[in-house]
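Peer 1: sequence and predicted structure below; questions after.
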Protein chains: 2
Amino acid sequence: MWRVLQSHPEHLSAGDIADRVRQVDPGVNRSSVYRTLALFAELGLVRESLMEDGVHWEEAHADAVIHLVCTRCGKVLHHRTPTVAALERELHEADSFRPDAIDVRVSGACHSCQ
Amino acid sequence: MWRVLQSHPEHLSAGDIADRVRQVDPGVNRSSVYRTLALFAELGLVRESLMEDGVHWEEAHADAVIHLVCTRCGKVLHHRTPTVAALERELHEADSFRPDAIDVRVSGACHSCQ
DNA sequence: AGCGCTATTGCGACCGCATTGCATTAACGT
DNA sequence: ACGTTAATGCAATGCGGTCGCAATAGCGCT
């Protein structure tokens, strides 16, 4: 299952993951997938991200990732920027809120859809 | 129902809204709540926001709002900053992605919980 | 006022994702 | 080989949200 997660550049929903895993090793139960996913999340190997159509999973990166969701074609792009780190600092200073995870979702039109 | 939404500073889940509305006017159906919520969303009066425990609804503001979710006490704070607008500009320039909605969720420890 | 049309509401069934409890199986140390 | 423990499978359940359809309210028209 770990291989499935790694071999897929983009994020998948739990259902998709279960399907892919079954392609490789049929007879793997949904529960196992969910449980393993939860385990990985606890270990910090994967990250849960909330999307309109449910929870998606992706490999965890050290720094925060911005999800760009194209409302036309549905594609999800990643973007990485120091701006998020700046935002973190700002929150700490202005609201004395100590962030430990930050999640940015932007919906709009991607490069090829506008 | 509009009153319920307005009278509640923070965001509510659809279930909560249904409950509150029923306190005022018992015998209002779930479907009606969902339908009205969808209508309001279409009119741009309310905004849908994804939280760990499901979809929450809140009054729409002109500019993007950052949700600060305290993992200790569960409180949800708002934060408004030009940084988000900067981020928008940045996305447009770097990825030629035209954003029409931006949603930032930060989890961490709030002022009174650290 | 009485009639008929239309939009809204209520209601129950339903759907799909996720979770849980429990039995089964596999793994491993002794 | 045996017993203990953790991982897995499986079926039932929970729950948030949606759908189809019947009942009802609102409203203009004559």
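Peer 2: Noted; the coordinates are in hand. Numbering: from 1, shown residues only, chains lettered A, B, ... in the order given.
Peer 1: ok, is the longest strand along chain A in contact with chain B or not?
Peer 2: If each strand of chain A is counted by residues according to DSSP state E, the longest one is strand A:98-109. Yes: Strand A:98-109 reaches chain B (C-beta under 8 Å from any C-beta of the partner chain) through A:98-109. Where you see a C-beta, it was placed from the backbone N, CA and C, and this is true even at glycine.
Peer 1: need the contact list for A:R72.
Peer 2: A:109-110, A:113 (C-beta atoms under 8 Å, 6 or more residues apart in numbering or on different chains).
Peer 1: an error on my part: the question was meant for A:H67.
Peer 2: A:49, A:51, A:76-78, A:103-106.
Peer 1: with A:L87 instead?
Peer 2: A:L87 touches A:102, B:66, B:81, B:83-84, B:87, B:104, counting by C-beta under 8 Å, 6+ apart.
Peer 1: try 6 Å
Peer 2: B:T83 (C-beta atoms under 6 Å, 6 or more residues apart in numbering or on different chains).
Peer 1: what about it, which SS state?
Peer 2: At A:L87 the chain is in helix, as set by DSSP: H, G, I helix; E, B strand; the rest coil.
Peer 1: present the residues of strand A:98-109 next to chain B as JSON lines; the columns should include neighbour count.
Peer 2: Converted to JSON lines, these look like this (neighbours: other C-beta atoms under 10 Å in any protein chain shown):
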{"residue": "A:R98", "neighbour count": "16"}
{"residue": "A:P99", "neighbour count": "20"}
{"residue": "A:D100", "neighbour count": "10"}
{"residue": "A:A101", "neighbour count": "14"}
{"residue": "A:I102", "neighbour count": "21"}
{"residue": "A:D103", "neighbour count": "21"}
{"residue": "A:V104", "neighbour count": "23"}
{"residue": "A:R105", "neighbour count": "20"}
{"residue": "A:V106", "neighbour count": "25"}
{"residue": "A:S107", "neighbour count": "17"}
{"residue": "A:G108", "neighbour count": "20"}
{"residue": "A:A109", "neighbour count": "17"}
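Peer 1: any idea how far A:T81 is from B:E90?
Peer 2: 6 Å (C-beta to C-beta, to the nearest Å).
Peer 1: and for A:H78?
Peer 2: 14 Å.
Peer 1: what's the answer for A:V33, then?
Peer 2: The value you get for A:V33 to B:E90, if C-beta to C-beta is used, is 36 Å.
Peer 1: DNA strand D next: which of the residues of strand A:98-109 next to chain B are close?
Peer 2: Checked against DNA strand D using C-beta under 7 Å from any atom of the strand, the residues of strand A:98-109 next to chain B give no members in range.
Peer 1: got those as TSV, with pLDDT columns?
Peer 2: Shown next, in TSV, are the residues of strand A:98-109 next to chain B (pLDDT from 0 to 100):
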residue	pLDDT
A:R98	93
A:P99	92
A:D100	88
A:A101	87
A:I102	91
A:D103	90
A:V104	92
A:R105	92
A:V106	92
A:S107	91
A:G108	92
A:A109	93
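Peer 1: just checking, which helix or strand succeeds the lowest-mean-pLDDT helix or strand in chain A along the chain?
Peer 2: Lowest by mean pLDDT, DSSP states H and E among the helices and strands of chain A is helix A:2-7, with a mean of 61. With elements assigned by DSSP states H and E, the helix or strand that comes after helix A:2-7 is strand A:12-13.
Peer 1: ok, what's across the strand from A:I102?
Peer 2: Legend: beta-bridge partners of A:I102 under DSSP bridges are B:V106.
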